[in-house]
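J.: what's the 3D shape of this:
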Amino acid sequence: MLSDWTKVGPSLDFFLATEHQGILALLLERASWAFKFEHQAPARQDYDEQIEWHQLAGRRFQRMRKCLACRQERFHRTLLAVVVEPLRHLHSSFLKFAHSAADDRNYPKLLDEVWPAQSMYVAILQYFSTFLANQCSRLRLLFQISGCRSFEEWCAEEPLQVSATRSQLLLVATVLARRYHTTLYRWPWKLFGIADMRRSSFDHKALTEEFWQTPMCCLPAGFSRQIRTVVGSMDAFIQQLPLWRWLLLMSALTIKGTIAGVERRHATHKRNAHPQMPFCHFTAETFLSLSSILSLARHQMMALERLEKERHARELENHSDQAPETSETSLVRSEAVKKQRLRAPSVWDLWRREWFAKEKQLGNKRWPGDPACWQACKDEFAALSEECLAALSARAEASRSVVEMQPGLYISSVVRE
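T.: Numbers count the residues shown, from 1 in each chain. Predicted coordinates for the structure are as follows:
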């Protein structure tokens, strides 16, 4: 009902703007020309034998009058508009977040949603609770349709409408709360709250203790269990808390989310085909796979064009290097070289690169974020002989001299590596 191509929202807005106070019904009653539809003669006899257009228009007009005159249908339309209003706001907000660039001036959307004080889900659930507690001004739109002046009078005279309102609100609130707790307010997303500096240190400590006190079987497979396995204990996690805060904050900046149902349907249609799959899903999967292939080819062509432009720019730069330079061009070139200059690798950088390459050849799986991995690398570096340290120092000194003498050559060699 809240999909992008559905017009329920604007239709409800038009209904509340015109018919809630009876404006549209009044206009229909005063449209004297519309009452002549049943008495009009057909324009052509052959058309009238097939479809009675004048009678059809007259029946639609009379049906619209009866629909607008029915108080019960007006009540249900108003109730639908009131209940869907916060859902429309939630839907549009998530769509805007899904299709907009990251804003570095605000906190990530994920950090807002995992904090109940800033979550839009929680705000809408609180709105429904005030609605059920008779503290919302939108209730006046409902009991005024029945001619009641107060909520108490409405409860006494129209108990069926009160029960229908309560059931509808509880249904929507229950579905929304379940979706919030099954998609966002769970591990590992709750752990992203430690990267939110708006929250107090007490909240960070409570989140950390709750995460480590949760049994391993209750954590979803993937990132949560991997953190528990790699770190090992809560004390080690607290010691590495600045590192984890930075990692989770950078991850939250790159995560996108949406609430549109079309995204879920696209994911469903992209599944592998099987004999029991309906034909409509199979064709949708084929179309989407072809679209993905075309988009991949388009991106590859764009990458090829960009590569050609970069190659042409490098050729022009090399040609300018061979040409005689004046004082002005040499000054501009020296400034450009300073901007592009890279730091030469140190002895530790060279050893670290060789150590990871050696571990990879031996088949040992090393994760750079594992403290044990770095400790093993440091231990082997400390146990190196003087000959190895002298060789690494010579290589580092050679790299430093190359950077100082020919920075452009060093940059191109690093890019090739």
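J.: touching the helix or strand harbouring residue 374 from outside, list them.
T.: Element membership of residue 374 [criterion: DSSP states H and E] is helix 371-382. Outside helix 371-382, the residues that touch it by Cβ atoms under 8 Å, 6 or more residues apart in numbering are 236, 240, 348, 351-352, 355-356, 366-368. All C-beta atoms are positioned from the backbone trio N, CA, C, and that covers glycine.
J.: next, the buried residues of it.
T.: Neighbour-count burial for helix 371-382 flags 373, 377, 381 (criterion: 16 or more other Cβ atoms under 10 Å).
J.: how about stretch 239-256?
T.: Within stretch 239-256, the residues scored as buried using 16+ other Cβ under 10 Å are 244-245, 248-249, 252-253.
J.: swap in stretch 65-85?
T.: Using 16+ other Cβ under 10 Å as the test for burial, stretch 65-85 gives 65, 68, 74-75, 77-79, 81-85.
J.: what about the stretch 51-200 of the chain, any weak spots by pLDDT?
T.: The model of the stretch 51-200 of the chain has pLDDT under 70 over residues 51-59, 102.
J.: next one: residue 211 from residue 203, what distance?
T.: 12 Å (Cβ to Cβ, to the nearest Å).
J.: swap in residue 165?
T.: 36 Å.
J.: ok, now residue 153?
T.: 45 Å.
J.: repeat that for residue 220.
T.: 22 Å.
J.: quick one: name whatever helix or strand follows the helix or strand hosting residue 68.
T.: Using DSSP H and E, residue 68 falls within helix 53-69. As assigned by DSSP H and E, the chain's next helix or strand after helix 53-69 is helix 71-98.
J.: neighbouring contacts of the very next helix or strand once past that following helix?
T.: Note on helix 71-98: by DSSP H and E, the next helix or strand toward the C-terminus is helix 109-113. For helix 109-113, contacts defined as Cβ under 8 Å, 6+ apart pick out 97, 118-121, 184-185, 189, 192-193, 195-196, 252, 255, 257.
J.: can we see that at 7 Å?
T.: 97, 118-121, 184, 189, 192, 195-196, 252, 255, 257 (Cβ atoms under 7 Å, 6 or more residues apart in numbering).
J.: and the strands in the stretch 151-300 of the chain?
T.: Counting by DSSP state E, counting those that start in this stretch, the stretch 151-300 of the chain forms no strands at all.
J.: grab the nearest non-local neighbour of residue 76.
T.: Of all residues beyond its chain neighbours, the one nearest residue 76 is residue 164 (7.7 Å), with distances taken as Cβ to Cβ, 6 or more residues apart in numbering.
J.: which strands and helices sit next to the helix or strand following the helix holding residue 374?
T.: Using DSSP H and E, the helix or strand that follows helix 371-382 in sequence is helix 386-405. If you count contacts as 3 or more Cβ pairs under 7 Å, 6 or more residues apart in numbering; DSSP states H and E, helix 386-405 packs onto helix 347-362, helix 407-416.
J.: hey, least reliable of those helices by pLDDT?
T.: Mean pLDDT values for the helices and strands packed on helix 386-405 show the minimum at helix 407-416, a mean of 44.
J.: distance to residue 216 and pLDDT for the buried residues of helix 371-382 - can I get that in TSV?
T.: Shown next, in TSV, are these (distance: Cβ to Cβ, whole Å; pLDDT from 0 to 100):
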residue	distance to residue 216	pLDDT
373	22	82
377	29	84
381	34	86
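J.: which of residue 220 and residue 203 has more neighbours?
T.: Neighbour count, other Cβ atoms under 10 Å: between residue 220 and residue 203, residue 203 has more, with 15 against 10.
J.: and that one, how far from residue 196?
T.: The gap separating residue 203 from residue 196 is 8 Å, by Cβ to Cβ.
J.: closest to residue 138 among the contacts of helix 109-113?
T.: Proximity of the contacts of helix 109-113 to residue 138 was ranked by Cβ to Cβ; the top entry is residue 120 with 18.1 Å.
J.: okay, now that closest one: neighbour count?
T.: By other Cβ under 10 Å, 16 other residues sit near residue 120.
J.: try residue 312
T.: When neighbours are counted by other Cβ under 10 Å, residue 312 comes out with 10.
J.: where does it fall, secondary structure wise?
T.: helix 279-322.
J.: returning to what we had before: the helix holding residue 374 versus helix 386-405: what angle between them?
T.: 100 degrees (axes from the mean of the first three to the mean of the last three Cα atoms, to 10 degrees).
J.: start the count at 8 instead of 1 going forward.
T.: All right, first residue 8 from here; so that's helix 378-389.
J.: what angle do helix 378-389 and helix 354-369 make?
T.: 110 degrees.
J.: for residue 212, see how far away the residue nearest to residue 83 is.
T.: Distance from residue 171 to residue 212, by Cβ to Cβ: 46 Å.
J.: between these two, point out the one with more neighbours.
T.: Neighbour count, other Cβ under 10 Å: between residue 171 and residue 212, residue 171 has more, with 16 against 12.
J.: quick one: that one from residue 251, how far?
T.: Look at residue 171 and residue 251: by Cβ to Cβ, they are 49 Å apart.
J.: repeat for residue 142
T.: As judged by Cβ to Cβ, residue 142 and residue 251 stand 41 Å apart.
J.: do residue 352 as well
T.: Distance, residue 352 to residue 251, by Cβ to Cβ: 28 Å.
J.: likewise residue 172?
T.: Computed with Cβ to Cβ, the distance linking residue 172 and residue 251 is 46 Å.
J.: could you do residue 317 as well?
T.: 37 Å.
J.: same question for residue 187.
T.: Using Cβ to Cβ, we find residue 187 at a distance of 24 Å from residue 251.
J.: just residue 149 next, same as before
T.: Distance from residue 149 to residue 251, counting by Cβ to Cβ: 49 Å.
J.: list phi and psi for residue 112.
T.: Backbone torsions for residue 112, taken as degrees, to the nearest 10, come to phi -90, psi -10.
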